[in-house]
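Peer 1: The sequence and its predicted three-dimensional model are supplied below.
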Amino acid sequence: MISENWRKLQKLQSEEIESQKFKNKILAIQSSIKWVRISDLTDYSYQLLKNPTPQDIIQGSVGNCYFLSVCSAISYYPHLLEKIFITKIKTFSGIYCLNFFIDGEQKKIVVDDYIPVLSHNNEPVFCKLNQSTKNIWPLILEKAWAKLIGSYEETSGGLPTYPFDVLLGVPCEEVCLFNELNNFRDPEGEEIYITPGIDIEMISQEKNFLIWQKLLSYFNDNYLITCSISNEISELSTLKKEMDDLGLVSYHAYTCIFFQEFIINNDQIVRLVKLRNPWGKLNKNVFKGSLMKNNYYNSHEILLNAQINDKGEFILEFDEFKKFFSNIYISKIKNGYKCYVDLIYESEESINKLESNLHSLIYIIFILIKFIIKSKTLIFSFGIFNKFIEFTFLKLKFS
């Protein structure tokens, strides 16, 4: 409803409005929204970046799930989030400076803490404030992203590759699961022509295993991973009911929390993917995945601890995951990774340190020279004084 109002507002503002009728329409739309400081939405205990978690993120009325799923992935590694925020604590002025990478170059984005809220209940229109954690970084980061793109509404719809690139400044890979699983090629990359003598099922199982190993290795390397469901998949009538039962949302992005496999009942391998919906809640009150149907949760302690909750997290078996999710996005950031700007910063820091040391050395040399000159003056003066005393003594002696 709010997004529709924003679209109407932009349409009306783009036209030359002269009649009072149109002016009244604009006033009616604007009257449902006002801008307030974040500090007015909660008590003073709110923080900017105190122990950030994905639970800080609750998507609002704009379709920027691709962006918030990336923010959620980053929040699992607070040191990465702190690199984005140049301002690291809440400020009384409400002014915050963030670091983005535009075309590989560092750019500072400055925003204030005024956000649009509904007039009748002060509910944020876009990213919500989690009153439990009271961390405001998602609201500030979302506003900085809207400033970069042009407006809140213009942030609707996109791919996670761009925010990964802008926020972290590292390479991002996109894996199309459908292509990976359905394009049959030999180890050398040559296309395999389907003939009666080829066991397609065996090839499919092998490709399925290789894709799983690839994603598992990415997770073990601590890469940040998100995924999405395309409209094409959700429009298939055979899958729509299954998606509804699972509570999955079409044309929507999710954060991948883990890829893990377990052996249960001594011989059965279960491959699992844990996901988080940036809505901060599940689309259905009851999740009906195969894990629930097969009662796997009671079979393994880790599974028991990883049960779904009311924070938008849930688990799928990999067979379910690859059936519905069309694309996976991987930000290949590693411990110790330094982007071009980091290297420049370190280089400049080294040069500044060298210059500082050089200045200190020059100053010390100057002081020493000054001291030596003064010492020589004293010695020279003392020598003249001795000569004067000696001359006076001899004069007195022979007078």
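Peer 2: Nice, thanks for sending it over. Numbers count the residues shown, from 1 in each chain.
Peer 1: List the beta-bridge partners for residue 175.
Peer 2: Residue 175 has the following beta-bridge partners by DSSP bridges: residue 328.
Peer 1: And residue 262, by the same measure?
Peer 2: Residues in a beta bridge with residue 262, per DSSP bridges, are residue 270.
Peer 1: What residues does residue 121 make contact with?
Peer 2: Contacts for residue 121 (C-beta atoms under 8 Å, 6 or more residues apart in numbering) come out as none. Using the backbone N, CA and C atoms, a C-beta is placed for each residue, glycine as well.
Peer 1: Let's verify residue 370: helix, strand, or coil?
Peer 2: Secondary structure, DSSP: H, G, I helix; E, B strand; the rest coil: residue 370 is helix.
Peer 1: Next one: it from residue 91, what distance?
Peer 2: To residue 91, residue 370 is 46 Å away according to C-beta to C-beta, to the nearest Å.
Peer 1: Same question for residue 320.
Peer 2: Applying C-beta to C-beta, the value for residue 320 to residue 91 is 45 Å.
Peer 1: ok, which stretches of this structure are strands?
Peer 2: For the chain, the strands defined by DSSP state E occupy 33-37, 95-102, 105-112, 114-118, 172-176, 224-229, 252-264, 268-276, 313-317, 327-331.
Peer 1: could the ones you listed be laid out in a markdown table, adding mean neighbour count and distance to residue 139?
Peer 2: Below are those laid out as a markdown table (neighbours: other C-beta atoms under 10 Å; distance: least, C-beta to C-beta, whole Å):
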| stretch | mean neighbour count | distance to residue 139 |
| --- | --- | --- |
| strand 33-37 | 13 | 11 |
| strand 95-102 | 18 | 10 |
| strand 105-112 | 15 | 10 |
| strand 114-118 | 18 | 6 |
| strand 172-176 | 16 | 24 |
| strand 224-229 | 25 | 20 |
| strand 252-264 | 20 | 18 |
| strand 268-276 | 19 | 18 |
| strand 313-317 | 22 | 21 |
| strand 327-331 | 24 | 22 |
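Peer 1: Verify the stated contact: residue 314 with residue 247.
Peer 2: Yes: with contact defined as C-beta atoms under 8 Å, residue 314 counts as touching residue 247 (7.4 Å).
Peer 1: that older thread, for the strands of the chain, give me CSV that also has mean pLDDT and distance to residue 125.
Peer 2: CSV is the format used below for the strands of the chain (pLDDT from 0 to 100; distance: least, C-beta to C-beta, whole Å):
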stretch, mean pLDDT, distance to residue 125
strand 33-37, 90, 6
strand 95-102, 94, 19
strand 105-112, 92, 16
strand 114-118, 91, 5
strand 172-176, 88, 29
strand 224-229, 94, 24
strand 252-264, 89, 19
strand 268-276, 87, 22
strand 313-317, 85, 25
strand 327-331, 94, 27
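Peer 1: Spell out which residues make up each domain of the protein.
Peer 2: 32-167, 172-331, 339-399 (automatic domain parsing).
Peer 1: more crowded one of residue 320 and residue 91?
Peer 2: When residue 320 and residue 91 are compared for neighbours, residue 320 comes out ahead with 18 against 13, by other C-beta atoms under 10 Å.
Peer 1: Thought residue 246 was touching the more buried one, still the case?
Peer 2: Yes: using C-beta under 8 Å, residue 320 is in contact with residue 246, at 7.2 Å.
Peer 1: one step back: can you convert the strands of the chain into CSV and add a column each for distance to residue 136?
Peer 2: Formatted as CSV, the strands of the chain follow (distance: least, C-beta to C-beta, whole Å):
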stretch, distance to residue 136
strand 33-37, 10
strand 95-102, 9
strand 105-112, 12
strand 114-118, 9
strand 172-176, 27
strand 224-229, 22
strand 252-264, 20
strand 268-276, 20
strand 313-317, 22
strand 327-331, 24
